[in-house]
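>>> task: produce atomic coordinates for the following.
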Amino acid sequence: MAGIWIDTDMGSDDAFAVILAARHVPIDGMSLVAGNAPLAQVTRNAAGFAGLLGWDFPILAGVARPILGPLETAQRILGDSALPLRGEAPLFEADACAGAASFGPFLPSLSAWLEAADEPRSILALGPLTNLAILALARPDLLDRIGRLVWMGGAVGRGNHTPSAEFNAFADPEAVQILLDRGVALHILDLDACRRVLIDEADVTALAAAEGRNSVAMAQLLGGYLDIALTRGRPAMALYDPVAAAALIAPELFTFTPARIQVECSGALTRGRTVTDFTSPRPNGWVATDLDAPAIRERCLSALAQV
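Next up is the predicted model:
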């Protein structure tokens, strides 16, 4: 399989998704975007994971603010680092995040990657779509070189950051609409699809006992991620971003349905709402409507156990 590009706001489930993808396909580059945390923290997280896991692909700094409006992060849920942990031990060495200062700008590298393509390229997007909207505005000539843009975002049903909106869509709805308006057909893994793939305490215990070099650190990270649900009285947590990674590397596990997708950019109560019409004769994207949850879950946990 040809290499992919990953665009991410590097929280816990973003890291899980990158780990899963990297076991199946070359990663040609990664761009970072503000979302789960401000861009400075996102870059520190990415540098830390690069050091911990030996990532050797290019990592580039992206956009620090949405196209319009103020920066919205998920730190009130995820904490300042956007990497909630279980236990006292730090995830990274004290100097592991120093490499963040060397991350160059994303747009020249992403543009060059698309320019060099002799066939359509695949992009995995795990956060707000700001970077990719900037690409669409700056280099519209390259958009036809994107074959699949798989995005974890949006909500056909209820939201999570607001009653109407999923976080990645709410954080920059204009970016989503810019891509749709320019004919970039998104393959969307929305909240309803991702909420079908769950992990629980038994998975954290099993991961801690695995023989991978970093399995204890991964269990620490997975446990902190699960604690988000446990503190809210739920026994399991959805594996959001890894579901999108699975859709890119194992599309046979998914059913995508064409739909007409638009994003509410101005509603006072519904900003970020992804309005999805499965009956439209003019579809502009695809939404995952069915998936093999046990197989996706097993692939993700297996990747974490072996990293």
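
>>> and the residue nearest the centre of the chain, what's its pLDDT?
By Cα atoms, centre = their mean, the chain has its centre lying nearest to residue 126, at 1.6 Å. On pLDDT, residue 126 comes in at 98.

>>> residue 133 too?
With respect to pLDDT, residue 133 has a value of 98.

>>> quick check: chain neighbours aside, which residue is closest to it?
residue 175 (3.6 Å; Cβ to Cβ, 6 or more residues apart in numbering). All C-beta spots, glycine's among them, are computed from the backbone N, C-alpha and C.

>>> helix, strand or coil for the one you found?
helix (DSSP: H, G, I helix; E, B strand; the rest coil).

>>> helix, strand or coil: sort out residue 187 for me.
strand.

>>> return the residues in contact with it.
Residues in contact with residue 187 (Cβ atoms under 8 Å, 6 or more residues apart in numbering) are 148, 149, 150, 151, 247, 256, 285, 286, 288.

>>> which element is residue 245 on?
helix 240-249 (DSSP states H and E).

>>> which strands or helices does that helix pack on?
Here helix 240-249 touches helix 12-22, strand 121-125, strand 146-152, strand 186-189, helix 191-194, strand 285-291, helix 293-306, going by 3 or more Cβ pairs under 8 Å, 6 or more residues apart in numbering; DSSP states H and E.

>>> can you put these in TSV and add distance to residue 80?
TSV is the format used below for the helices and strands packed on helix 240-249 (distance: least, Cβ to Cβ, whole Å):
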stretch	distance to residue 80
helix 12-22	14
strand 121-125	24
strand 146-152	22
strand 186-189	27
helix 191-194	24
strand 285-291	32
helix 293-306	24
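
>>> the ones you listed: which one's closest to residue 74?
Closest of the helices and strands packed on helix 240-249 to residue 74 is helix 12-22, at 10.7 Å (criterion: Cβ to Cβ).

>>> got the contact list for whichever helix or strand comes after the closest one?
For helix 12-22, the following helix or strand on the C-terminal side (DSSP H and E) is strand 27-32. Contacts of strand 27-32 from elsewhere in the structure, counted by Cβ under 8 Å, 6+ apart, are 3-10, 18, 21, 39, 42-43, 46, 55, 57-62, 103, 106, 109-110, 113, 131.

>>> pairing partners for strand 27-32, with directions?
Sheet partners assigned to strand 27-32 using DSSP bridges are listed as strand 4-8 (parallel), strand 59-61 (parallel).

>>> of those strands, which stretch is the most buried?
Mean neighbour count (mean count of other Cβ atoms under 10 Å) peaks for strand 4-8 among the strands paired with strand 27-32, with a mean of 26.

>>> average model confidence for that one?
98.

>>> so what's residue 99 up against?
47, 50, 51.

>>> SS state for the last one?
Going by three-state DSSP, the secondary structure assigned to residue 51 is helix.

>>> tell me who's in contact with it.
92, 93, 96, 97, 99.

>>> do residue 122 as well
2, 4, 5, 146, 147, 148, 149, 150, 248.

>>> thanks a lot, see you next time.
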